[in-house]
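[1] sequence below, structure please.
(one chain, ligands or ions: 1)
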Amino acid sequence: MSGGAGFALKPLMWPYYPDLLDKPVPRYTSFPTAAEFAGDIGPADQMAALEQASGDVSLYIHIPFCESICWYCACNTGAANRRQRLASYLDALHREIRMVAARLPSDARVRRIAFGGGSPNAIAPVDFVRLFNELELRFRPVDPIISIELDPRTLIDEWGNVVRGIGATHASMGVQTFAPHLQEAIGRVQPRDMIERSVDILRGAGVTSLNFDLMYGLPGQGRDDLTDTLADTVALGADRIALFGYAHVPHLIARQRRIDASALPPKEERFVMAEMGYQQLVKAGYAAIGFDHFARPDDPLAKAAATGQLHRNFQGFTDDAAAVLIGLGASAISNFPDVLVQNEKNSGRYRMLLSQGVLPAGLGVRRSADDRMRGAIIEGLLCHGRAVVAPELARAVAQGLAPYLARGLCVFDREELVITDGGLPYARSIAAQFDPYRQDSPRRFSSAI
Ligand code: SF4
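    As a prediction, this is how the structure comes out:
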């Protein structure tokens, strides 16, 4: 294995053991994962959890619309081309905001508001501002950190005014790749000057932490395509970069059938690309965060990682330490200390429940003490590369961990399990050894790298 022409790859730091990467594993944005959610959690559980919330609370608002749908996308989103459907969704969302805020105790303080989707800028700026005003009026946030996901293809100048007006300092753009032939291959065409213009708009609007989502493992992607995209991203000054491996699961996501599976890089090549990306970004001065994020050392995410304050939630790696995250909108997930609740995924049913004055909880899972203990270990391994494991649990997972320990991908330092430098690409697989639910349904998850 050698590097692409645009970037000299140092000798491999990561040993390649395909047998340890073969089994698909969750991304562990929660534990238990969404695969364990069931219908025995409903509106009464959601209401009880809301009424017990206290301290810092974060909000996530889901806008499940996009101007056009990218072929690779695994998000719960649809085309924003039917005005009536969009208007009635927003009506329901306003209603949910009012219902949830009315149940939140007065000592719960909203400190973060994140807008995601879909693409929040698929709705009209005026509708978005109304939504924000409703949130402010009902939740009375206290000096909140505001973040927003944006699609460069619909980022018109007016959105700069919106971003500045709501005081958003964090923004994330789906870029994926700068290579035109790859953009064609994944159904997301956005020329470089469009991205540059979007960066200018967001910086001009006061965004201080700007994330680019990028992907490796795309159909027809060569090593030079990846190194060029990373170089462009660095040149445009991204503060954070999420570098994901494209997960091709057309049996789960029908829109991915449009992607030419015969052009996908083989597994070993994906592994090389992941390492190339890691090396290139670290060399460019970024701190590696968890297993697939990078941040400039002065970005809050890098500071959180450096001080052991990094967390993992439904939005990925985060410096958000709030114990309560309330998801608003169809399919949004709320995270309470004892229970995870997902809103009704189908936007028609979501609207119907709210029109009947019912909270839209559709699925979820209660967290047992054992779940919380295992969840803390999984989060520790993924965020910090280490976690204390009680001796009886270490004995219980010994067989599963054995191949990783034997190959030096992790080591026990007394009671602490530590992932070694070479073990980083195996972090999710190592963490999965602590997940007792993961013995079946492997096809529901993506490959570990
Ligand atoms: S813009 Fe983002 S959310 Fe919308 S379809 Fe494309 S990848 Fe999915």
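[2] helices and strands of the protein: which one has the lowest mean pLDDT?
    In the chain, the helix or strand scored least confidently by mean pLDDT, DSSP states H and E is strand 78-79, which has a mean of 84.
[3] so what does it touch, helix or strand wise?
    In this structure, strand 78-79 packs against strand 65-66, with contacts taken as 3 or more Cβ pairs under 8 Å, 6 or more residues apart in numbering; DSSP states H and E. In short, each C-beta sits where N, CA and C put it, glycine included.
[4] again, only this time at 10 Å
    Contact partners of strand 78-79 among helices and strands, from 3 or more Cβ pairs under 10 Å, 6 or more residues apart in numbering; DSSP states H and E: strand 65-66, helix 83-103.
[5] nearest to the ligand, of the ones you listed?
    Set against the ligand and scored by Cβ to the nearest ligand atom, those come closest in strand 65-66, at 3.2 Å.
[6] for residue 245, which of the helices and strands packed on strand 78-79 is the nearest?
    With Cβ to Cβ as the criterion, residue 245 lies closest to strand 65-66 of those, at 21.8 Å.
[7] what pairs with the closest one, parallel or antiparallel?
    Strand 65-66 pairs in its sheet with strand 78-79 (parallel), by DSSP bridges.
[8] do the partner strand and the ligand meet at all?
    No - shown here: strand 78-79 not in contact with the ligand (Cβ under 6 Å from any ligand atom), separated by at least 8.8 Å.
[9] could I get the helices and strands packed on strand 78-79 as JSON lines with mean neighbour count and distance to the ligand?
    Output for these, formatted as JSON lines (neighbours: other Cβ atoms under 10 Å; distance: least, Cβ to the nearest ligand atom, whole Å):
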{"stretch": "strand 65-66", "mean neighbour count": "24", "distance to the ligand": "3"}
{"stretch": "helix 83-103", "mean neighbour count": "17", "distance to the ligand": "14"}
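[10] what would these look like in JSON lines with mean pLDDT?
    Converted to JSON lines, the helices and strands packed on strand 78-79 look like this (pLDDT from 0 to 100):
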{"stretch": "strand 65-66", "mean pLDDT": "94"}
{"stretch": "helix 83-103", "mean pLDDT": "95"}
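[11] next up, the contacts around the residue lying closest to residue 191 once chain neighbours are set aside.
    Spatial nearest neighbour of residue 191, chain neighbours left out: residue 180 (7.5 Å); criterion: Cβ to Cβ, 6 or more residues apart in numbering. Under the criterion of Cβ atoms under 10 Å, 6 or more residues apart in numbering, the contact list for residue 180 reads 189-192.
[12] residue 117: which of those is nearest?
    Nearest member of those to residue 117, counting by Cβ to Cβ, is residue 190, at 16.5 Å.
[13] tell me, how many residues neighbour that closest one?
    21 (other Cβ atoms under 10 Å).
[14] measure stretch 250-268 end to end?
    21 Å (Cα to Cα, to the nearest Å).
[15] now do that stretch: distance to the chain's middle.
    Mean C-alpha position of stretch 250-268 versus that of the full chain (Cα atoms, centre = their mean, to the nearest Å) differs by 21 Å.
[16] in it, what counts as buried?
    Residues 253, 256, 259, 264-265, 267 are the ones in stretch 250-268 that count as buried (16 or more other Cβ atoms under 10 Å).
[17] which members of those residues occur in helices, if any?
    Among those, the members falling in helices (DSSP state H) are residue 267.
[18] I'd like the buried residues of stretch 250-268 as JSON lines, with distance to the ligand appended.
    Shown next, in JSON lines, are those (distance: Cβ to the nearest ligand atom, whole Å):
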{"residue": "253", "distance to the ligand": "10"}
{"residue": "256", "distance to the ligand": "11"}
{"residue": "259", "distance to the ligand": "13"}
{"residue": "264", "distance to the ligand": "18"}
{"residue": "265", "distance to the ligand": "20"}
{"residue": "267", "distance to the ligand": "23"}
